[in-house]
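Enquirer: Got a predicted structure plus its sequence, pasted below:
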Amino acid sequence: MREGLRARKFSAVDLAEAHLAEIEKTNAHYNAFITITRDKALDMAAASDAKLAKGQGGLIEGIPVGVKDLFCTKDVLTTAASHILDGFKPPYESTVTQKIWDAGGVMLGKLNMDEFAMGSANLTSYYGLVVSPWQKVQSAECRVQSKGENDNSALSTPNSALVPGGSSGGSAAAVAANLCPVALGTDTGGSIRQPASFCGIVGIKPTYGRCSRWGIVAFASSLDQAGPIARNVRDCAIMLSVMCGHDAKDSTSMKLAVPDFAAALSGNVKGKKIGIPKEYRVDGMDAEILAMWDRGATLLREAGAEIVDISLPHTKYALPAYYIVAPAECSSNLARYDGIRFGLRAGDAGDSLTAMYEKTRAAGFGQEVKKRILIGTYVLSAGYYDAYYKKAQRVRWLIAEDFRKAFEKVDAILTPTAPSAAFAIGEKNIDPITMYLNDVFTVPTSLAGLPGISIPGALNKDGLPLGLQLIGKAFDEETVLNVAYGLEQAINFKTIPLGV
Ligand code: GLN
């Protein structure tokens, strides 16, 4: 697209219009976009065309971008897919989205997600679930008949339709379904990598501290990171160069130069040491996922990499630690939603302040969010702090140590991204443990703050994509991207979803 724009084969307005037309045609089915910023897109595209005509413009000048609805966008509805942010139009722009617009990105709209980014299937959004563009081969006839607005119960989506993953489910579905070429996501415990895996595309969570979190609605501040979702490694690399960099407004963002990630892509993995952690061979692992993982290692070996068996002994404690640390931070972060200054306010004029708080929070938060606030409040309470929160923090340190030791021996680590392919909408939401288990391979990286990418590894027997994850050293996204690029070429995954 960048080449086409520069060569004037089409204009940025053409590109925006083509994507808006596709959104108009199919978004009612996917429910990927919550807000479509048509006028803004066309204005921004016209401005890009003016720059391109003068031979000017940024790295992604004129490229349409979809934004997860967790990024605050000035004067554009920002909901975190929660009722409690009803009508919220931020008076400021997040640092990452500002960087995207400064580099010439064209805003198509805001993308659906799990409420406050809590979930793995995009089933917790106040604005309704998202349908994946992928379908199982044997249920290819499954289609959505019609649907009401913003409420899962009103959807006539067949239970056999597939989830896009989560929490950046709208971002992944939109990219896979051709509604936008690239999208912004966030990842706290896997929310970029797992939906990328489910949707047969690429997503990278950079190192904690690479991207500014300023203006991103906070879920778990010590884990949250922004990252791109795109159709291939190169597109992710280009986007990441635009997104990251130090920001004085986020004290956890690192003062580091931003590499030109795309320019560094050679795909040469010769001599690279790739670790295979034995603890990720979990009991009862899907044979097709195991086969994909083995083949990934074989392809890297054939390309000249050295495959090294490694151990990450505390892996099995990662998920329980995450589900203490993340809810603890969420309970604290979400305390700000009280109906006073912005968002939803429930209750009656005569209510006391406390009654208004209670009614607002009862009406504004969904079930999953309430559950996590309760867990978080409990593990932070005086009597349980040491037993749960403090212990989880210690476990987190042990997990980071595991990785630190492993990276003395290897340059990157190869694992599956998720323990399953995309599941059906009706399949898992009754059992929270099964749902949480979906994060088993992505959460350790998040706790350690390390970069991780997911690329499509293979199709399973149902014709659904399975993802491979590459994990790197802190701030070594270059190696992660480069090994992923080499592996992407070797795998040569070309299947695209059937779509609507
Ligand atoms: N699925 C995980 C959770 O629900 C991760 C979510 C995320 O990365 N935002 O917490």
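Expert: That came through, no problem. Residues are numbered from 1 along each chain as shown.

Enquirer: quick check, distance from the helix ranked longest in the chain to the centre of its chain.
Expert: The single longest helix within the chain, with elements called by DSSP state H, is helix 12-30. Offset of helix 12-30 from its chain centre (C-alpha atoms, centre = their mean, to the nearest Å): 22 Å.

Enquirer: now what about whichever helix or strand comes after it, what contacts it?
Expert: Later in the chain than helix 12-30, the nearest helix or strand by DSSP states H and E is strand 33-36. By C-beta atoms under 8 Å, 6 or more residues apart in numbering, the residues outside strand 33-36 that reach it are 20, 23, 27, 66, 69, 76-77, 79, 81, 108-112, 125, 127, 170, 174, 179. Where you see a C-beta, it was placed from the backbone N, CA and C, and this is true even at glycine.

Enquirer: Which elements pack onto whichever helix or strand comes after strand 33-36?
Expert: Downstream of strand 33-36, the next assigned helix or strand under DSSP H and E is helix 38-53. Helices and strands touching helix 38-53, by 3 or more C-beta pairs under 8 Å, 6 or more residues apart in numbering; DSSP states H and E, are helix 2-6, helix 12-30, strand 106-111.

Enquirer: closest to the ligand out of these?
Expert: Judged by C-beta to the nearest ligand atom, the one of the helices and strands packed on helix 38-53 that comes nearest to the ligand is strand 106-111, at 13.6 Å.

Enquirer: what about the closest one, average pLDDT?
Expert: Averaging pLDDT along strand 106-111 gives 98.

Enquirer: Are it and the ligand in contact anywhere?
Expert: No. Strand 106-111 is not in contact with the ligand by C-beta under 6 Å from any ligand atom; minimum separation 13.6 Å.

Enquirer: going forward can the numbers begin at 52, since that is how I track them
Expert: In the new numbering, first residue 52, that becomes strand 157-162.

Enquirer: picking that back up, tell me which of the helices and strands packed on helix 89-104 sits most buried.
Expert: The highest mean neighbour count among those, using mean count of other C-beta atoms under 10 Å, belongs to strand 157-162: a mean of 28.

Enquirer: Each with direction, which strands does that strand pair with?
Expert: strand 84-87 (antiparallel), strand 115-119 (parallel) (DSSP bridges).

Enquirer: Which of the three states applies to residue 287?
Expert: helix (DSSP: H, G, I helix; E, B strand; the rest coil).

Enquirer: pretty sure it is touching residue 253, no?
Expert: Yes. Residue 287 is within contact range of residue 253, at 5.2 Å (criterion: C-beta atoms under 8 Å).

Enquirer: Kindly point out which residues are neighbours of both of these two.
Expert: The contact lists of residue 287 and residue 253 share 280, 281, 504, where a contact means C-beta under 8 Å, 6+ apart.

Enquirer: and whichever residue of the stretch 402-551 of the chain sits closest to the ligand, how many neighbours?
Expert: Closest approach between the stretch 402-551 of the chain and the ligand, counting by C-beta to the nearest ligand atom: residue 490, at 4.8 Å. Neighbour count for residue 490, taken as other C-beta atoms under 10 Å: 24.

Enquirer: give the contact list for it.
Expert: By C-beta under 8 Å, 6+ apart, the neighbours of residue 490 are 171, 240, 241, 245, 370, 373.

Enquirer: top of the shared contacts of residue 287 and residue 253 by neighbour count?
Expert: That'd be residue 280 among the shared contacts of residue 287 and residue 253, by other C-beta under 10 Å, with 35 neighbours.
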